[in-house]
Structure formats: C-alpha cells, structure tokens
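A.B. asks: pasting the sequence and the predicted coordinates here, then a few questions.
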Amino acid sequence: MNPKRSERIAAVVFWIIGLITLFSLLIIVGRILWKGFLKAVNPSFVFGKPEAMSAGGGVFPMVVSTIYISVLTVIMAFPVAIATAIYLAEYTRSESRIARAIRLSIDALASLPSIVFGLFGMSLFVIFFRWGYSLIAGAATLAVLSLPVIARSAEESIRSVPDPYREASYSLGATKWMTTRQVVLPCAFPGIITGTILAIGRIIGESAAVIYTAGLFVRKIPLNPLRTGAPLSAYIWYAQTEARIPDYRNIVDGGAALLLIVVLLVNFLARRLASYYREKKIAG
C-alpha cells in the first residue's frame, strides 16, 4: 500500500476512535448532569440533612464527609508517596533488589480491587486498632489505596527532570539532598500535582473501601475524625441498595451529579495551580 495512503487511513481511524471516546464521555457526563443536577440538585438538597425514612432529605453532611476524608487521605498518603518516589528516583539504582521489591509492591497494590482494601482496612484499622467506623479509618484505608498512584507518578516526574540541572547544582557545592529539595522537586512539582489529582479523583469516587471503614449514614456534620462519617459515594450506594427512602432515585441522581461536579472542580483548580506554579517558576 502507498505509504501516504496508509498514513491517511491510520489518521482517519485514530480520529474516529478519539471521537468515539469523546462522544461516550459526553453522553455519560450529560446524562448524569441532566438527571441529577438539573432535576434533583437544589439548595435544600445540597445543604440539607439526610432523612432515613422520609422524602426530601439532603446530603450536606455527606459532602463534608467526602471533603474531610479526602483531605485526611492526602495528608497521610502524600508524604509517604513522595518519600518513596525520591528514594526510588534519586537514592537507589533502578536495578537494585530493594528498588525492584518496592516497585513490585507498588504495582501489586495498584492492581488490587478496592474491596480488598476495604476488608483490609476493616480488619486492621476498625477492628485491630479499635478505631471503629470512623473518618480516620476510612482515610487510612484510602491512603494505602492511593499510595501507588501518587508514588509512581511522582517517581516518573522526578526522573524526567534533566540531569544537567542536578549537575549544575552539584557544581555549585550543593549536597544531594539540597539538590533534590531545591532543584529536582520544584521542577517535578507539576507532574506530582497531576498524579495527586488522579488519586484525589479516585478517593472522592471510591465506595467499596469506605463502606467497610468510614460509615454509610450520618445526620450531623462530622467534626471529630474518630467519629463515623458518610462519604457521598458510600451514601449513594446505601440509598440505592439498603435505605428505605421514598425518593431514593433523586438522592442517587443528585449525589452522582454532585460527585461529578466536585471531581471536575478539583481537577480544574489543581490544574490551574500547576499552571500558575509553572508560569511563576518560568517568570522567576
């Protein structure tokens, strides 16, 4: 076949695949927003308290629980993930036994189903540590779940920093830690933020891991991390499968729309932060 003709055919095929993917995404997002945001979401739904047996309840304690547990999870997972990435990228050879063992462990964690993390968190944090069904138990479980995503993306971002940056820092008398802290990490920061965004998106939408550790239903806003919480994803599952709420369909559709909006908002703000940091660094 003529090379130019095969090139055109390949371009057309990839364009079609891309358009199919985009169209599928638009259908999913549009359906969720149409059924949830336009028909179910209103101020009383967003800021109201949930009802266990009657219609007309809201989801505000669940929204707060979602934000609360996401912040706790990032606080727990981010330092460990970044330290792991720095060690793998800067302080050990990629072919060493320790590095291979750590990467194998990270890949194994990334491939496990979320229900396994839920059972693990229930066994360790809820029962063994006697934290009970609480936000801190759910956050610890989600921290283990999100650790591989943040660690691997951070490692790749650190490795992508050009070696001349390190060599220039060493030539000025900087130590390895000073170079890592003041040169490598600032350059890798946008990529690290991207990996953290992906982890936050999974944290917000995760249900199996928090059902067994954090809780399903609360009427008051949880303030103490040792108290039971009810992330929105878990409450959607509860309203759909176990609750006896007359208007459960509105709760499910509205909760799904709110989850989608929160994830999109987090992605937008984080990307704006990364862009701002990149522009500031270039201008500086």
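C.D. replies: Okay, I see it. Numbers count the residues shown, from 1 in each chain.
A.B. asks: helices or strands up against the helix or strand that Leu25 is a member of?
C.D. replies: Of the helices and strands defined by DSSP states H and E, Leu25 is found in helix 3-32. With contacts defined as 3 or more CB pairs under 8 Å, 6 or more residues apart in numbering; DSSP states H and E, the secondary structure elements packing on helix 3-32 are helix 248-283. Heads up, the C-betas are built off the backbone N, CA and C, glycines and all.
A.B. asks: what residues of the helix it packs on count as buried?
C.D. replies: Neighbour counts over helix 248-283 (16 or more other CB atoms under 10 Å) mark 248, 250-260, 262-263, 266, 270, 274 as buried.
A.B. asks: again with stretch 38-45
C.D. replies: Of the residues in stretch 38-45, Ala40, Val41, Phe45 count as buried by neighbour count, 16+ other CB under 10 Å.
A.B. asks: can you give me the end-to-end span of that stretch?
C.D. replies: 12 Å (CA to CA, to the nearest Å).
A.B. asks: ok so, going back, after the helix holding Leu25, which helix or strand is next?
C.D. replies: Proceeding N to C from helix 3-32, the next assigned helix or strand is helix 43-47, under DSSP H and E.
A.B. asks: outside of that next one, which residues touch it?
C.D. replies: The set of residues that contact helix 43-47 without belonging to it, under CB atoms under 8 Å, 6 or more residues apart in numbering, is Gly56, Gly58, Val59, Phe60, Val63, Asn250, Gly254, Leu258.
A.B. asks: I'd like those laid out as TSV, including distance to Val183 and pLDDT.
C.D. replies: Supplementary listing: these in TSV, determined by distance: CB to CB, whole Å; pLDDT from 0 to 100:
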residue	distance to Val183	pLDDT
Gly56	57	79
Gly58	49	86
Val59	45	90
Phe60	44	91
Val63	40	90
Asn250	53	86
Gly254	47	89
Leu258	41	89
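A.B. asks: residue boundaries of the helices in this protein?
C.D. replies: In the chain, helices defined by DSSP state H lie at 3-32, 43-47, 60-86, 97-111, 114-121, 135-159, 163-171, 176-179, 185-205, 208-211, 232-241, 248-283, listed in chain order.
A.B. asks: most tightly surrounded among those?
C.D. replies: For those, average neighbour numbers computed from mean count of other CB atoms under 10 Å are highest in helix 208-211, which has a mean of 26.
A.B. asks: in terms of secondary structure, what does that helix contact?
C.D. replies: Contact partners of helix 208-211 among helices and strands, from 3+ CB pairs under 8 Å, 6+ apart: helix 114-121, helix 135-159, helix 232-241.
A.B. asks: got the CA positions of the first one in CSV?
C.D. replies: So the one you mean is helix 114-121. Output in CSV follows, covering the C-alpha atoms of helix 114-121 (Å, rounded to 0.1, in the frame of the first residue of the first chain):
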residue,chain,number,x,y,z
SER,A,114,-10.9,-1.7,46.1
ILE,A,115,-13.0,-4.3,48.0
VAL,A,116,-9.7,-5.9,49.2
PHE,A,117,-8.6,-2.6,50.6
GLY,A,118,-12.0,-2.2,52.3
LEU,A,119,-11.7,-5.6,54.0
PHE,A,120,-8.0,-4.9,54.9
GLY,A,121,-9.0,-1.5,56.4
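A.B. asks: who are the packing partners of that helix?
C.D. replies: helix 135-159, helix 208-211.
A.B. asks: distance to Lys4 added to those helices, as TSV?
C.D. replies: Listed next are the helices and strands packed on helix 114-121 as TSV, based on distance: least, CB to CB, whole Å:
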stretch	distance to Lys4
helix 135-159	36
helix 208-211	50
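A.B. asks: with distance to Ser111 and mean pLDDT added, can I get those in TSV?
C.D. replies: Supplementary listing: these in TSV, determined by distance: least, CB to CB, whole Å; pLDDT from 0 to 100:
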stretch	distance to Ser111	mean pLDDT
helix 135-159	9	93
helix 208-211	15	90
